[in-house]
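[1] Task: produce atomic coordinates for the following.
(one chain, ligands or ions: 1)
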Amino acid sequence: MNKPLIAGNWKMHGNADNAAELAKHLALHDITFAGVDVVVFPPAVHLERVVVAVANSAVGVGAQNMSQWASGAYTGEISGDMLKDIGCHYVLVGHSERRILFAESSQLVAEKFDAAQKQGLTPILCVGESLQQRQQGQTVEVVTAQIAAVINLVGIENLCKGVVAYEPVWAIGTGEVASPEQAQAVHAEIRSQLGSQGANTRLIYGGSVKASNAGAIFAQPDIDGGLVGGASLEATEFSKIAQLMVQG
Ligand code: 13P
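    Residues are numbered from 1 along each chain as shown. Predicted coordinates:
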């Protein structure tokens, strides 16, 4: 099994004090996550506070989004270099909320993945099908096409150095979690798409993960961790989720 990764996507929640408090709590309890990479993804304006709060702990920090460009006249954008400079090591690319609400295409997501790696960050590529696509039997086709767009740009070797998060859109923020079998089936398809190099690539599951359902999901052979939304905003709940990966 690959080293587990538990990522907390805070989305657009909280203020600077909440962010620092949550991060400090996790940093204080990092010993309980031994052997697990725990990384939080605060809103961009809180990144520096969070980096300071987790300093000298095993908790990592990442950004929820970044620009595909390195620098220039791109009002409102943040580059990978800027994120790296303030202490981020990871970045989410292609979260479904960005694909759907901000019209990010698979090509743009691939460009962001590429820029992240070139600027020294580890990208977490988010992929997943809508409810309608699942009902129409298109899950594997959709997910593998989202991954193929990145492979086409960066090559399979570089894709495999990143992380892939399978997040079915119908399970995000809905309380409707994929069953362990449903999640495992898609992870196994992704693993086989990545070929021999994919054995060492971390594949994590996201979508309504909580301490009460995470154990069964994490027990699946191709699931190396979780990308947690709502439950990552509660320090003890998120810690419990990370601890499940330690046990197992
Ligand atoms: P929820 O855990 O709130 O369903 O969110 C999942 C997610 O989108 C993480 O990126």
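
[2] Give me the contacts around the strand or helix carrying residue 142.
    Assigned by DSSP states H and E, residue 142 falls within helix 139-154. Residues outside helix 139-154 that contact it (CB atoms under 8 Å, 6 or more residues apart in numbering): 94, 106-107, 109-111, 113-114, 117, 125, 127-130, 133, 159, 164, 166, 168, 186, 189-190, 193-194. In short, each C-beta sits where N, CA and C put it, glycine included.

[3] and if we set it to 6 Å?
    106, 110, 113-114, 125, 127, 129, 133, 159, 189, 193 (CB atoms under 6 Å, 6 or more residues apart in numbering).

[4] same check, this time on stretch 121-134
    Against stretch 121-134 from outside (CB under 6 Å, 6+ apart): 80, 84, 90-96, 113, 116, 139, 142-143, 146-147, 150, 162-170.

[5] now, which of these lie within strands?
    90-93, 163-166 (DSSP state E).

[6] how about JSON lines for these, with distance to the ligand and neighbour count added?
    Formatted as JSON lines, the ones in strands among the contacts of stretch 121-134 follow (distance: CB to the nearest ligand atom, whole Å; neighbours: other CB atoms under 10 Å):
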{"residue": "90", "distance to the ligand": "12", "neighbour count": "22"}
{"residue": "91", "distance to the ligand": "13", "neighbour count": "26"}
{"residue": "92", "distance to the ligand": "7", "neighbour count": "25"}
{"residue": "93", "distance to the ligand": "12", "neighbour count": "29"}
{"residue": "163", "distance to the ligand": "12", "neighbour count": "24"}
{"residue": "164", "distance to the ligand": "13", "neighbour count": "27"}
{"residue": "165", "distance to the ligand": "7", "neighbour count": "26"}
{"residue": "166", "distance to the ligand": "11", "neighbour count": "29"}
